[in-house]
Each structure stands twice: as C-alpha cells, then as structure tokens.
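In: Have a look at this fold, sequence not included:
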C-alpha cells in the first residue's frame with residue numbers, strides 16, 4: 001500500500017473511537033489490550049515498554065505518521081531498506097540527530113507491521129521488488145532501537161534505557177501485538193479489517 005492509499009484508509013477513524021469498547025478513550029482501549037496480553041500471555045510486565053507500545057499504536061492510527069521519513073528529494077519512504085539509507089549519516093542523513101530519529105521510526109515501523117500486519121510484510125516481498133525483501137524486520141527493528149539507545153548523552157540520556165529495553169524485548173513485543181491483533185479481529189474492528197484487506 002502506498003502512503004496515499006494508507007492516508008485514505010486510516011487504521012482507526014475518528015468516529016470509531018467512541019465505539020471500540022467500554023474504555024473511555026482509544027488509548028485506554030489499546031493500553032487495556034496491551035496490558036492484558038503482554039502481562040498474561042507474554043509475561044512482559046515492564047510498564048514503560050507497555051506504555052510506549054500503546055503510544056505507538058495511537059500515533060500510527062493516524063496514518064500520516066507511518067510515512068514521516070523522507071529521502072533527500074523529499075519523497076515519503078514506505079520501504080524500510082530506503083529508510084535505512086536515509087538514516088545513514090554517511091549517505092542521506094543530514095545529522096546524527098536525523099539518524100536517531102530515523103532509526104527510532106524504523107524500530108516503530110517494523111514493530112507495528114511485524115506485530116499487527118505480518119502477512120502484509122510477506123505480501124510486499126512477493127508483489128514487487130523492494131529493498132525490504134533483503135531485510136529481516138525483527139533484526140532490523142531490534143538493531144534500530146539499540147542504535148537509538150546508544151544516543152545516551154544530553155537530552156537523550158533519560159530515554160536511552162527505554163530504547164535498550166525495546167531492543168531487548170522486541171520479539172516479545174511483536175508476539176504481544178500478534179495477540180492484540182487477534183483481539184482486533186475478534187472485535188471485527190472495521191478500520192482494522194479494511195486496512196488488512198488493502199495490505200494483503
């Protein structure tokens with residue numbers, strides 16, 4: 001799916017937010033599903049990790065957030081391989097801060113798709129030639145969060161330990177999101193189903 005297609009088919013439409021569950025907010029729903037699945041099934045009880053993943057789902061429910069990274073010519077990137085090139089300070093990245101922000105986005109992007117839409121990742125590889133075909137989303141996501149954690153001075157010092165945990169717990173977070181996806185499918189949440197059909 002292209003960025004334009006995703007923009008017209010948001011994962012969660014504003015009018016859906018009041019209908020998803022008894023939770024008073026969309027973030028409340030995501031936090032509830034993540035806490036239950038991560039704690040009971042994955043045995044991952046780190047509050048900071050769970051809050052970060054819930055915030056990630058909120059951010060990426062607005063599909064313009066999925067394609068924030070742009071190449072040197074200003075084109076929105078949808079391919080993780082191209083994002084890696086954009087993150088490299090010896091290639092497209094304008095600065096080390098740009099490298100950090102791009103690597104953070106790659107970690108978020110790979111976690112989101114490997115967790116909620118793993119079938120789409122496989123379909124993308126079959127459908128057309130992409131740099132992604134050469135990548136392991138899990139390893140790329142883990143590595144990207146680890147690189148972010150290495151930015152551990154000055155204004156980034158406080159958040160570095162979180163990204164180290166995100167790297168260490170990446171596989172468990174993916175599995176936890178697979179379980180959250182199952183809950184979405186059981187709920188037949190309309191926007192989730194619509195996006196899934198477009199991705200596969």
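Out: Here it is on my side, so go on. As the structure is a computational prediction, the values presented were derived from the model and not from experiment.
In: contacts and neighbour counts: CA atoms only from here.
Out: Fine.
In: For this protein, which segments count as helices?
Out: Under the criterion DSSP state H, the chain contains helices at 3-8, 26-37, 47-60, 80-87, 96-116, 118-127, 137-149, 160-168, 170-187, 190-199.
In: how close does the residue lying closest to residue 135 once chain neighbours are set aside get to residue 160?
Out: Among residues not flanking residue 135 along the chain, residue 81 sits closest, at 7.3 Å (CA to CA, 6 or more residues apart in numbering). Distance of residue 81 to residue 160, computed by CA to CA, to the nearest Å: 24 Å.
In: where's the residue lying farthest from the centre of the chain relative to residue 58, distance?
Out: Centroid-distance maximum for the chain: residue 154 at 25.8 Å, with CA atoms, centre = their mean. Here residue 154 is placed at a distance of 28 Å from residue 58 (CA to CA).
In: any low-confidence regions in this structure?
Out: Along the chain, the parts satisfying pLDDT under 70 run over 1-24, 90, 92-93, 124-134, 188-200.
In: ok, now with 50
Out: 1-23, 199-200 (pLDDT under 50).
In: List the contacts of the nearest residue to residue 177 once chain neighbours are set aside.
Out: Closest residue to residue 177 apart from its sequence neighbours, by CA to CA, 6+ apart: residue 115 at 4.6 Å. Listed by CA atoms under 8 Å, 6 or more residues apart in numbering, the contact set of residue 115 reads 173, 174, 175, 176, 177, 178, 181.
In: Include distance to residue 165 when you put those into a markdown table, please.
Out: Putting the contacts of residue 115 into a markdown table (distance: CA to CA, whole Å) gives the following:
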| residue | distance to residue 165 |
| --- | --- |
| 173 | 11 |
| 174 | 13 |
| 175 | 15 |
| 176 | 15 |
| 177 | 16 |
| 178 | 19 |
| 181 | 22 |
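In: Highest neighbour count among those?
Out: Neighbour counts for these peak at residue 176, which has 28 neighbours (criterion: other CA atoms under 10 Å).
In: Quick check: it touching residue 36?
Out: No: assessed by CA atoms under 8 Å, residue 176 is found out of contact with residue 36, at 9.4 Å.
In: what's around residue 122, how many residues?
Out: Neighbour count for residue 122, taken as other CA under 10 Å: 14.
In: that older thread, how many residues are close by the residue nearest to residue 135?
Out: Neighbour tally, residue 81, other CA under 10 Å: 18.
In: Do I have it right that it meets residue 136?
Out: No: counting by CA under 8 Å, residue 81 stays clear of residue 136, with 10.3 Å between them.
In: Overlap of the contact sets of those two?
Out: Counting by CA under 8 Å, 6+ apart, residue 81 and residue 136 have no shared contacts at all.
In: Pull up the gap between residue 88 and residue 81, please.
Out: Using CA to CA, we find residue 88 at a distance of 11 Å from residue 81.
In: OK, contacts around the closest residue to residue 31 other than its chain neighbours?
Out: Excluding its sequence neighbours, the residue lying closest to residue 31 (CA to CA, 6+ apart) is residue 54, at 5.4 Å. Counting by CA under 8 Å, 6+ apart, residue 54 touches 27, 30, 31, 34.
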